[in-house]
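1. Next one to model:
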Amino acid sequence: MKYVVLLGDGMSDQPIKTLDGKTPLQAAKTPNMDFMARRGTLGLAQTVPQGYPPGSDVANLSMFGYNPVECYTGRSPLEAASMGVSLGPDDVAFRINLVNLDARAGRLTMNDYSAGHISTADGRELVEELQRQLGNDEFSFHPGVSYRHLLVWHGGNTQIKATPPHDITGQDVIMHFPKGEGAEKLIELMNSSQLIFNNHPQYKRRLAAGETPANSIWPWGLGKAPAMANYRDKFGLSGAVISAVDLIKGIGVYAGLDIIEVPGATGYLDTNFAGKASAAVEALKERDFVFVHVEAPDEASHSGKLADKLKAIELFDELIVGPVLEGLKQFGEYRVLCAPDHPTPLALMTHTSDAVPFVIYSGEEAEKPGVAGYDEISAKGTGVHVAEGFRLMEQLLGR
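-> All right, here's what the predicted structure looks like:
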């Protein structure tokens, strides 16, 4: 038996007036997900436990089959694992975004949480410069992918409140600066990064090219290393993870799964969709399980771009879901779980903790009456509700 999770990050949404009251999942052309929905088990799952932030970290731990209540310590330790950065018992990891802040009319606002989706090469250049100028025995900077990077505070404090930058696009950032004991050290690093970036040759180069320059770091998502059982011990499975995002790969590292790097995987709309699907099918030739993650719908939502979200969903369906379903036929028995991790409504440009639509499909051909397709409304209409999202993995495995 082969098992597959196909995850379209942030696909779920709310009804949109310009779509005649439909959600993007209802409006998008998704024949492959609709096919599964009409033949499989369709319902809603609560991937974010009550009282927890609706982040991709919490929600994806659930989608991997881990109870966040038992193992969640923060986002950044998971990203650190993906980047090969080992955390000591007293180390606190922070995600640092490269951002663009806009100072106008006496206000400092979050203009772009991704510095124009800065390239990995440009991002690395800046983070390596931060390490040269600011790195020491207390703080170390580690380059990641695009705008997503890592700060490790050796002997740091976890009792700090830090706001995700994608939650405050267009808002005044001063009130969202880090707060708590030791927060002044992080703010000092932010201020220092602004001086370094504004005097770096890349700043003028990106401006001249019509690109958004990074002019600050933004720390958030802090935490210490978690304790997690690996997949062989927990589920008796060998497996692999395919994603462009360090967070997802980091969960895979802690789960003891193989991390498959796909050339051209960017975490954005220009990602190598087809390459991910091909790698997933190939991975199953030697493994029991594969988790395929696509970030593009979530990125479009954070940017408030409806056309991009519809396109991301349609490409996910056409270039990921369809080819994987076709490729699975060679293995005989298989089961597929398709879902987002959390909703990311375009109107809010951030995550919510609402339940998400899921479908589990195992190759049955009989079509069920009364299901329009794969979307939030159809899923709610089935009356199937998984109150603890981490149990979806148990359902996928038939346990």
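
2. how far away is Ile259 from Leu126?
-> For Ile259, the distance to Leu126 (CB to CB, to the nearest Å) stands at 25 Å. Quick note: C-beta positions are derived from backbone N, CA and C, even for glycine.

3. Tell me which of those two has more neighbours.
-> Between Ile259 and Leu126, counted using other CB atoms under 10 Å, Leu126 has the larger neighbour count: 25 against 15.

4. Not counting sequence-adjacent ones, nearest residue to that one?
-> In this structure, Leu126 finds its nearest non-sequential neighbour in Ala214, 5.9 Å apart by CB to CB, 6 or more residues apart in numbering.

5. Also Leu130?
-> Leu130 sits nearest to Phe141 (CB to CB, 6+ apart), 4.5 Å away.

6. so what's that neighbour bridging to?
-> Bridge pairing for Phe141 (DSSP bridges) gives the partners Leu151.

7. picking that back up, my guess is the residue nearest to Leu126 contacts Val99, does it?
-> Yes - if you go by CB atoms under 8 Å, Ala214 and Val99 touch, sitting 6.7 Å apart.

8. picking up where we left off before, what is the neighbour count of the residue nearest to Leu126?
-> Ala214 has 31 neighbouring residues, counting by other CB under 10 Å.

9. What does the pLDDT read for it?
-> Turning to Ala214, the model gives it a pLDDT of 98.

10. Tell me how far it lies from Ser146.
-> 11 Å.

11. Find the residues that touch each one of those two.
-> 118, 123 (CB atoms under 8 Å, 6 or more residues apart in numbering).

12. Can you tell me how far Leu126 is from Met33?
-> Distance, Leu126 to Met33, using CB to CB: 39 Å.

13. same thing with Met11?
-> Taking CB to CB as the measure, Met11 falls 9 Å from Met33.

14. Equivalent analysis for Val290, please.
-> According to CB to CB, Val290 and Met33 sit 18 Å apart.

15. Quick check on Met11 and Met33: which one has the bigger neighbour count.
-> Counted by other CB under 10 Å, Met11 and Met33 do not tie: Met11 has more neighbours, with 35 against 29.

16. Apart from its chain neighbours, what residue comes closest to that one?
-> Pro340 (4.0 Å).

17. Phi and psi next, for the one you found.
-> phi -90, psi 170 (degrees, to the nearest 10).

18. Now do the strands in the stretch 151-300 of the chain.
-> 160-161, 179-180, 216-223, 239-242, 258-260, 289-294 (DSSP state E, counting those that start in this stretch).

19. can you put these in TSV and add distance to Arg132?
-> Output for the strands of the stretch 151-300 of the chain, formatted as TSV (distance: least, CB to CB, whole Å):
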stretch	distance to Arg132
strand 160-161	25
strand 179-180	28
strand 216-223	14
strand 239-242	32
strand 258-260	28
strand 289-294	33
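
20. Deepest-packed of those, please.
-> Looking across these with neighbours counted as mean count of other CB atoms under 10 Å, the highest average goes to strand 289-294: a mean of 28.

21. May I have the strands that pair with that strand, each with its orientation?
-> Applying DSSP bridges, you get strand 2-8 (parallel), strand 239-242 (parallel) as the partners of strand 289-294.

22. Include mean pLDDT and distance to Met228 when you put those into a markdown table, please.
-> Converted to a markdown table, these look like this (pLDDT from 0 to 100; distance: least, CB to CB, whole Å):
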| stretch | mean pLDDT | distance to Met228 |
| --- | --- | --- |
| strand 2-8 | 98 | 17 |
| strand 239-242 | 98 | 14 |
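
23. Minimum distance to Arg205: which of these has it?
-> Closest to Arg205 of the strands paired with strand 289-294, according to CB to CB: strand 239-242, at 33.0 Å.

24. Thank you kindly, that will do.
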